[in-house]
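> the following block contains a protein sequence and its predicted model.
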Amino acid sequence: MFGSFEQFSMGRNDIAWVESSVTWNTRPACVDPTIVPPALPESWWIIDVTDIVQDFLNGSYENYGFQLYAFGDNASLAIASKEYSTTNWRPELVLDYIPVSIEYTTMGAIKAEFR
(Lines give C-alpha, C1' and ligand atoms only; values in the text may rest on other atoms or scores of the structure.)
Protein backbone atom coordinates (compact mmCIF):
# COMPACT_ATOMS: atom_id res chain seq x y z
CA MET A 1 0.00 0.00 0.00
CA PHE A 2 1.35 3.39 -0.94
CA GLY A 3 -0.17 6.86 -0.86
CA SER A 4 -2.33 8.75 1.55
CA PHE A 5 -6.05 8.73 2.03
CA GLU A 6 -8.73 9.98 4.34
CA GLN A 7 -10.93 6.89 4.22
CA PHE A 8 -10.50 3.41 2.81
CA SER A 9 -13.38 1.07 2.02
CA MET A 10 -13.92 -2.49 0.89
CA GLY A 11 -17.10 -4.04 -0.43
CA ARG A 12 -18.40 -6.59 -2.88
CA ASN A 13 -18.81 -5.90 -6.60
CA ASP A 14 -22.36 -5.77 -7.92
CA ILE A 15 -21.75 -7.18 -11.43
CA ALA A 16 -19.34 -9.47 -13.26
CA TRP A 17 -16.24 -7.82 -14.74
CA VAL A 18 -13.27 -8.80 -16.89
CA GLU A 19 -9.83 -8.06 -15.49
CA SER A 20 -8.25 -7.39 -18.88
CA SER A 21 -10.81 -4.79 -19.92
CA VAL A 22 -12.17 -3.09 -16.79
CA THR A 23 -11.33 0.60 -16.38
CA TRP A 24 -12.08 3.24 -13.79
CA ASN A 25 -15.14 4.24 -15.81
CA THR A 26 -16.40 0.67 -16.35
CA ARG A 27 -15.70 -0.75 -12.88
CA PRO A 28 -18.57 -2.38 -10.98
CA ALA A 29 -20.30 -0.50 -8.22
CA CYS A 30 -19.16 -1.31 -4.70
CA VAL A 31 -22.07 -2.73 -2.68
CA ASP A 32 -22.29 -2.48 1.10
CA PRO A 33 -18.91 -0.78 1.54
CA THR A 34 -17.23 -1.06 4.92
CA ILE A 35 -14.75 1.53 6.15
CA VAL A 36 -11.44 -0.11 6.95
CA PRO A 37 -8.96 1.43 9.40
CA PRO A 38 -5.71 2.49 7.72
CA ALA A 39 -2.66 0.24 7.84
CA LEU A 40 0.89 1.46 8.27
CA PRO A 41 2.66 2.29 4.99
CA GLU A 42 4.09 -0.78 3.24
CA SER A 43 2.23 -3.17 5.52
CA TRP A 44 -0.67 -5.64 5.22
CA TRP A 45 -4.31 -4.88 5.82
CA ILE A 46 -6.25 -7.57 7.58
CA ILE A 47 -9.90 -7.33 6.60
CA ASP A 48 -12.53 -9.74 7.89
CA VAL A 49 -14.65 -10.80 4.90
CA THR A 50 -16.39 -13.69 6.66
CA ASP A 51 -19.91 -12.32 6.23
CA ILE A 52 -19.44 -11.56 2.52
CA VAL A 53 -17.91 -14.97 1.77
CA GLN A 54 -20.72 -16.67 3.69
CA ASP A 55 -23.26 -14.73 1.60
CA PHE A 56 -21.47 -15.93 -1.57
CA LEU A 57 -21.52 -19.53 -0.34
CA ASN A 58 -25.17 -19.58 0.72
CA GLY A 59 -26.31 -17.94 -2.53
CA SER A 60 -27.42 -14.59 -1.09
CA TYR A 61 -25.19 -12.83 -3.63
CA GLU A 62 -23.27 -13.79 -6.75
CA ASN A 63 -19.51 -13.84 -6.22
CA TYR A 64 -18.18 -10.99 -8.36
CA GLY A 65 -15.23 -10.34 -6.05
CA PHE A 66 -14.25 -7.48 -3.80
CA GLN A 67 -13.40 -3.86 -4.44
CA LEU A 68 -10.93 -1.75 -2.48
CA TYR A 69 -10.88 2.03 -2.80
CA ALA A 70 -9.85 5.22 -1.09
CA PHE A 71 -12.07 8.26 -0.86
CA GLY A 72 -11.85 11.77 0.49
CA ASP A 73 -10.78 15.21 -0.74
CA ASN A 74 -7.13 14.26 -1.37
CA ALA A 75 -7.45 10.50 -1.52
CA SER A 76 -4.91 8.34 -3.27
CA LEU A 77 -4.13 4.68 -2.94
CA ALA A 78 -1.71 2.31 -4.63
CA ILE A 79 -1.77 -1.41 -3.99
CA ALA A 80 0.62 -3.88 -5.56
CA SER A 81 -0.99 -6.12 -8.16
CA LYS A 82 -0.75 -9.91 -8.40
CA GLU A 83 1.92 -9.37 -11.08
CA TYR A 84 4.05 -7.00 -8.98
CA SER A 85 7.79 -7.73 -9.21
CA THR A 86 8.28 -7.89 -5.43
CA THR A 87 6.40 -11.10 -4.70
CA ASN A 88 5.93 -10.55 -0.96
CA TRP A 89 4.02 -7.30 -1.73
CA ARG A 90 1.45 -9.06 -3.89
CA PRO A 91 -2.06 -9.15 -2.35
CA GLU A 92 -3.34 -12.35 -0.80
CA LEU A 93 -6.71 -13.65 0.22
CA VAL A 94 -6.32 -16.04 3.13
CA LEU A 95 -9.39 -17.96 4.21
CA ASP A 96 -9.52 -19.52 7.65
CA TYR A 97 -12.50 -21.83 7.88
CA ILE A 98 -13.99 -24.44 10.14
CA PRO A 99 -15.10 -27.53 8.22
CA VAL A 100 -18.67 -28.66 8.66
CA SER A 101 -18.69 -31.37 11.27
CA ILE A 102 -20.24 -34.73 10.59
CA GLU A 103 -22.34 -36.13 13.38
CA TYR A 104 -21.01 -39.46 14.58
CA THR A 105 -23.56 -42.25 14.19
CA THR A 106 -22.97 -45.94 14.76
CA MET A 107 -23.90 -48.52 12.15
CA GLY A 108 -26.35 -50.00 14.69
CA ALA A 109 -28.18 -46.67 14.90
CA ILE A 110 -28.31 -46.42 11.11
CA LYS A 111 -29.69 -49.96 10.80
CA ALA A 112 -32.31 -49.27 13.46
CA GLU A 113 -33.41 -46.20 11.55
CA PHE A 114 -34.16 -48.22 8.39
CA ARG A 115 -35.97 -51.26 9.84
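Structure received.
> what is the least confident helix or strand in the protein?
helix 107-113 (a mean of 59; mean pLDDT, DSSP states H and E).
> all strands for the protein, in order.
When assigned using DSSP state E, the strands of the chain occupy the ranges 7-13, 30-35, 66-71.
> let's have these in a markdown table, adding mean neighbour count, mean pLDDT and distance to Thr50.
C-beta: built from backbone N, CA, C; applies to glycine. A markdown table is the format used below for the strands of the chain (neighbours: other C-beta atoms under 10 Å; pLDDT from 0 to 100; distance: least, C-beta to C-beta, whole Å):
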| stretch | mean neighbour count | mean pLDDT | distance to Thr50 |
| --- | --- | --- | --- |
| strand 7-13 | 19 | 85 | 13 |
| strand 30-35 | 14 | 87 | 12 |
| strand 66-71 | 16 | 80 | 13 |
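> in CSV: these, plus distance to Gln54.
Supplementary listing: the strands of the chain in CSV, determined by distance: least, C-beta to C-beta, whole Å:
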stretch, distance to Gln54
strand 7-13, 12
strand 30-35, 13
strand 66-71, 14
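> which among those is found nearest to Tyr84?
Each of the strands of the chain was scored for nearness to Tyr84 using C-beta to C-beta, and the closest is strand 66-71 (14.9 Å).
> give me the neighbour count for Pro99.
By other C-beta atoms under 10 Å, the residues close to Pro99 number 5.
> do the same with Val22
Burial measure for Val22: 12 neighbouring residues, criterion other C-beta under 10 Å.
> ok, the closest residue to it other than its chain neighbours - contacts?
On the basis of C-beta to C-beta, 6 or more residues apart in numbering, the spatially nearest residue to Val22 that is not a chain neighbour turns out to be Pro28, at 7.9 Å. The contact partners of Pro28, by C-beta atoms under 8 Å, 6 or more residues apart in numbering, come to Asn13, Asp14, Ile15, Ala16, Trp17, Val22, Tyr64, Gln67.
> what is the burial count for Trp44?
By the measure other C-beta under 10 Å, the count of residues near Trp44 is 13.
> and the pLDDT at it?
The score at Trp44 is 77. That number is its pLDDT.
> please tell me how far it sits from Gln54.
If you measure Trp44 against Gln54 using C-beta to C-beta, to the nearest Å, the figure is 23 Å.
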